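Participant: what follows is a predicted protein model with its sequence.
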Amino acid sequence: MVSYESIHRWCLRFGTEFAAKLRKRRPRPGDIWHMDKVCLRINGEPFHLWRAVDQHGVVLDILVQERRNATAAKRFFKRLLVGLHYKPRKIVTDGLRSYGVAQREVLPGLRQRTSRYLNNRAENSHRPTRRRERAMQSFKSPGQAQQFLSAHAMIYGHFRPRRHLMAADQYRREPAIAFGIWRRETCAQMAA
């Protein structure tokens, strides 16, 4: 018998490591990035979840911060660009002015498009987070939220391929490929 608490501890211990391995294997993201932030309540206090996705809906990075000012936006942009050797061609944001300040300082010369309707790709990527937040009955601390959401977004994206980018026969083969990669990266053995 395995308790729920044991599984919770395994997720905390190994989830980040597995997500980092999957992050290294992911293909190069698209050249149009959609950025958005959403408000979370953690112990009754408002925190902001910053998220960047490419034009195909693949989550690039997540950051939980207390503020939503220009400094917070610059921190998010810098974190987003840390492991990447390329920059986007264009970014799409909502009307928050902090993005413009951060974009001019961190990514000068980059084309930015501001529209609340063009940013639906980023808005829709918040849905799995909201589902998990309800199931977990909110997050208990900003660190716990950051750790869980970073791992969850990468693992969730690994097992949910973008159907609109592939043919039906390729889409049907995709789960077997995803589980094969998962077994290799996590060293999980098949039960006999």
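Facilitator: Perfect, thanks for sending it. From a predicted model like this one, the values you see are computed outputs, not experimental measurements.
Participant: what sits against Asn43?
Facilitator: Residues in contact with Asn43, defined by Cβ atoms under 8 Å, 6 or more residues apart in numbering, are Ser138, Lys140, Ser141. (Glycine included, C-beta is placed from N, CA and C.)
Participant: can you put the residues you listed in JSON lines and add neighbour count, pLDDT and distance to His158?
Facilitator: Output for these, formatted as JSON lines (neighbours: other Cβ atoms under 10 Å; pLDDT from 0 to 100; distance: Cβ to Cβ, whole Å):
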{"residue": "Ser138", "neighbour count": "12", "pLDDT": "72", "distance to His158": "25"}
{"residue": "Lys140", "neighbour count": "12", "pLDDT": "78", "distance to His158": "26"}
{"residue": "Ser141", "neighbour count": "12", "pLDDT": "82", "distance to His158": "26"}
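Participant: correct me, but Ala102 touches Asn69?
Facilitator: No: here Ala102 does not reach Asn69: they are 9.7 Å apart, not a contact under Cβ atoms under 8 Å.
Participant: neighbour count: the two, which is higher?
Facilitator: Each of Ala102 and Asn69 had its neighbours counted (other Cβ atoms under 10 Å), and the higher figure belongs to Ala102 (25 against 15).
Participant: wait, is the more buried one part of a strand?
Facilitator: No: using DSSP: H, G, I helix; E, B strand; the rest coil, the secondary structure at Ala102 is helix, not a strand.
Participant: with adjacent residues omitted, what lies nearest to it?
Facilitator: Ala73 (3.7 Å; Cβ to Cβ, 6 or more residues apart in numbering).
Participant: quick one: what helix or strand has that neighbour in it?
Facilitator: Secondary structure assignment for Ala73, by DSSP states H and E: helix 70-81.
Participant: against which helices or strands is that helix packed?
Facilitator: For helix 70-81, the contact count by 3 or more Cβ pairs under 8 Å, 6 or more residues apart in numbering; DSSP states H and E identifies strand 45-54, strand 59-65, helix 97-106 as packing neighbours.
Participant: would you mark the buried spots in the last one?
Facilitator: Okay, so that is helix 97-106. Judged by neighbour count (16 or more other Cβ atoms under 10 Å), helix 97-106 contains these buried residues: Ser98, Tyr99, Ala102, Gln103, Val106.
Participant: touching it from outside, list them.
Facilitator: Among residues not part of helix 97-106, those counted as contacts by Cβ under 8 Å, 6+ apart are 35, 68-70, 72-74, 76-78, 81, 91, 93, 110, 112, 114.
Participant: if we go to 10 Å?
Facilitator: Under the contact criterion Cβ atoms under 10 Å, 6 or more residues apart in numbering, helix 97-106 has outside partners 35-37, 50, 67-78, 80-81, 87, 91-93, 96, 109-112, 114.
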